[in-house]
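Asker: Requesting a structural model of the entry that follows:
(2 chains)
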Amino acid sequence: MSVLNIEDLSKEFTVRKSLTRAGVIRALDHVNIELREKEVLGIVGSSGSGKSTLARLMVLLYRPTSGKILFDGTDVSKYKGRKLREYRSNIQMVFQDPYASLDPFHNVEWHIKRPLIINGYTGNVKDKIDDLLTEVRLDPPAQFRDKFPHQMSGGQRQRVYMARALATGPKILIADEPVSMLDVSLRVEILELLLSLRDSMGISIIYITHDLNTVSMITDRIYVLNRGRVVESGSTKQVIDNPVEDYTRRLIGAAPDPFKKIEVD
Amino acid sequence: MNEAISINNLTVGYHWENGFSIVIKDFNLDIPNGIIFGIAGESGSGKSTLAQAIYHSLKYPGEITSGKVIYNGIDLLKTPKNELRRMRAMDLTFIPQAAMNALNPVKRIGDQFNDVLEAHGKNFAEFQHDIIDVLNMVRLGSEVLNNYPHELSGGMRQRTVIAMALVLSPNLVILDEPTTGLDVLVEHDILVDLKKIQRKKQLTMIMITHDLSILYEISDQIAMMYAGEITEYGDRDTMLMSPAHPYNYLLLKSIPRIGVKKYDGIKLTGNPTNFNEGNKGCQFISRCPFKTYDCEINHPVLEKEKDRTHYFRCIRYPEWMKEQG
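Answerer: Have a look, this model is predicted:
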């Protein structure tokens, strides 16, 4: 069963070259992507490959130039107003920089309460906040509820942001480079948290990154993007063990590994 | 001389509203000539502070309270300002974090090269050949001299900054997070270029980063910092194959690598320790799975393993290795 189907999706940006001339940049070029239920899907590419544009299209922060975004079989790409809000409560996003994505003037409780209220949560808000904090391993919740972003480490902030994203009860979580700003020792914990959320809450996860090391650790299938096109896809193991495209091979070769040594003559 | 730079009893701290916090205490390190020396540490371990202290470019609220940084027989911390200005870029150079964003946005790259030369009383025309030479070393053509920074990609800007730092042929280069924020493919290429340049010009490079993987890929010797002190240092291969400090061992185990699916056994948990947490004993104690009562009371000293360039600050080595399960 697939939860999200991207069909023939293209996105063009207009760039002004001079006062009168306008050019078009094709950021995504007829992309097809399928996200299956309870799957961790990796989207891999170097900068400029269109991977973040794709993420923004999926949560409808951008509108596609052409193509469809099918959620549970219906095209959502033109949704507005209440329908858009409903769709977005089903698909949430975690961003790269946990230092920028939280509001420094508000505490943890405020951040998690807002999506609950906006989406008309009817249960006990306090209990729900505690549940969410426990879910992302900020335990005990009482210790974190009143903290401000600057009082927490990068890893803890990213967890708060994840709790915020989970507050709407999404079916899909998009994580755009969620660990690249974190210290090495904290990365694995966040990645393992993503996996455990998939298991405990039954959500599907799209993990977007340029880092093939972490992709190989947590994803089931991957799509490799280059210059706005999907150049390779398949099960993670198959793609990494037997890459077909030269681009994929270069990405694998460049993936940092302490056991590799750069040799020059 | 055998050492490119030697740091003796360096103590550095920061002034803040409630007093003065020491972030690097009694730091000693000799960096040999002609190698790439990597310094690894998590955020807050004091690695950038160390780089600025070595270069004597630390500004208030930071303050160096004691110690020596000996370069070529002279103490950089006691060198007069104008003499330091002359030495910088000529003898030793520092490429700080995010240096590529420090290029002047309204000046062509060529003019910015000229600024560097002019500050040292050199003539652009005379150095034209050297400029093209260093640009080629970082795989840029001479046409970038006519470009403005915004016309270049992030990788090209970083390469430009590296070229600019090397144009007057310094023999010591300090790089703070030289590839952070760059794309994987670009990062890899720049690392390869840096190593090529270092080998070709026989420079000493001090590379500071939190990214252990790239540090192990490029360095000849590595030092690991934790809470303002060195926990372990030695030859790259020794550090990789037989870590003596649990921190290095656990970090290496927690780096995601292609083909390694799950991490079994003991792993690194908890958050990086801050300075001044008031540990009498080992700084790493709160995250160490191998700690004993002795670790709480005795602050470990840096010991040397015999017959090897390998120093470590752990009283439980080699016993802890038997417990790793």
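Asker: CA atoms for contacts and neighbours, from now on please.
Answerer: Fine.
Asker: Spit out the contact partners of the residue positioned nearest the centre of chain B.
Answerer: With distances taken as CA atoms, centre = their mean, B:I208 lies nearest the centre of chain B, 2.1 Å away. Applying CA atoms under 8 Å, 6 or more residues apart in numbering or on different chains to B:I208 gives the contacts B:G38, B:I39, B:A40, B:K47, B:S48, B:A51, B:I174, B:L175, B:D176, B:E177.
Asker: does A:V231 sit in a helix, a strand or a coil?
Answerer: Under DSSP: H, G, I helix; E, B strand; the rest coil, A:V231 falls in the strand class.
Asker: let me redo that: B:K291
Answerer: Using three-state DSSP, the structure places B:K291 in coil.
Asker: for chain A, what are the nearby residues on the stretch 51-200 of chain B?
Answerer: Within the stretch 51-200 of chain B, the positions near chain A by CA under 8 Å from any CA of the partner chain are B:D183, B:V184, B:L185, B:H188, B:V192, B:K195, B:K196, B:R199.
Asker: so what's the first one up against?
Answerer: Under the criterion of CA under 8 Å, 6+ apart, the neighbours of B:D183 are A:S46, A:S47, A:H210, B:G155.
Asker: neighbour-wise, which of the residues you listed leads?
Answerer: Ranked by neighbour count (other CA atoms under 10 Å in any protein chain shown), the contacts of B:D183 have A:H210 at the top, with 25 neighbours.
Asker: There's contact between it and A:G42 in this structure, I believe.
Answerer: No: contact criterion CA atoms under 8 Å: A:H210 and A:G42 do not qualify, at 9.8 Å.
Asker: Helices of chain A, start to end?
Answerer: A:51-58, A:81-90, A:108-118, A:125-135, A:154-166, A:184-201, A:212-218, A:236-241, A:246-254 (DSSP state H).
Asker: Determine which of those helices approaches B:I22 most closely.
Answerer: Shortest distance between B:I22 and the helices of chain A, using CA to CA, is found for helix A:154-166: 22.6 Å.
Asker: How far away from the center of its chain is that closest one?
Answerer: 13 Å (CA atoms, centre = their mean, to the nearest Å).
Asker: Which strands and helices lie in contact with that helix?
Answerer: strand A:91-94, helix A:108-118, helix A:125-135, helix A:184-201 (3 or more CA pairs under 8 Å, 6 or more residues apart in numbering or on different chains; DSSP states H and E).
Asker: mind listing what's buried in that helix?
Answerer: A:154-166 (16 or more other CA atoms under 10 Å in any protein chain shown).
Asker: Distance of the residue nearest to the centre of chain B relative to chain A?
Answerer: Applying CA to the nearest CA, to the nearest Å, the value for B:I208 to chain A is 14 Å.
Asker: Neighbours of A:F13, how many?
Answerer: Around A:F13 there are 12 residues (other CA under 10 Å).
Asker: from what I can see it touches A:A27, true?
Answerer: Yes: with contact defined as CA under 8 Å, A:F13 reaches A:A27; the gap is 7.0 Å.
Asker: next one: phi and psi at residue 59?
Answerer: I'll assume chain A. The phi and psi values for A:V59, taken as degrees, to the nearest 10, are phi -90, psi 10.
Asker: Chain B, not that one
Answerer: Torsion angles at B:K59 (phi, psi; degrees, to the nearest 10) stand at phi -110, psi 160.
Asker: contacts for the helix or strand of chain A with the lowest mean pLDDT?
Answerer: Sorting the helices and strands of chain A by mean pLDDT, DSSP states H and E puts helix A:184-201 at the bottom, at a mean of 89. Residues from elsewhere that reach helix A:184-201 (CA under 8 Å, 6+ apart): A:38-40, A:135-136, A:155, A:159, A:179-180, A:203-205, A:214, A:218, B:42, B:210-212, B:251, B:254-256, B:268-269, B:271.
Asker: hang on, the earlier thing: checking the residue nearest to the centre of chain B next. Helix, strand or coil?
Answerer: Per three-state DSSP, B:I208 ends up strand.
Asker: What residues does residue 171 make contact with?
Answerer: Here I'm looking at chain A. Contacts here follow CA under 8 Å, 6+ apart; on that basis A:K171 touches A:N90, A:I91, A:G202, A:I203, A:S204.
Asker: try chain B instead
Answerer: For B:N171, counting by CA under 8 Å, 6+ apart, the contacting residues are B:D91, B:L92, B:Q202, B:L203, B:T204.
Asker: Just the buried residues out of those residues, in PyMOL syntax.
Answerer: The following PyMOL line selects those of the contacts of B:N171 that are buried, judged by 16+ other CA under 10 Å:
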select buried, chain B and resi 91+92+203+204
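Asker: Format the contacts of B:N171 as TSV; extra columns: pLDDT.
Answerer: Formatted as TSV, the contacts of B:N171 follow (pLDDT from 0 to 100):
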residue	pLDDT
B:D91	93
B:L92	94
B:Q202	93
B:L203	94
B:T204	96
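Asker: tell me which of the contacts of B:N171 is nearest to chain A?
Answerer: For the contacts of B:N171, the closest approach to chain A (CA to the nearest CA) belongs to B:Q202, at 12.9 Å.
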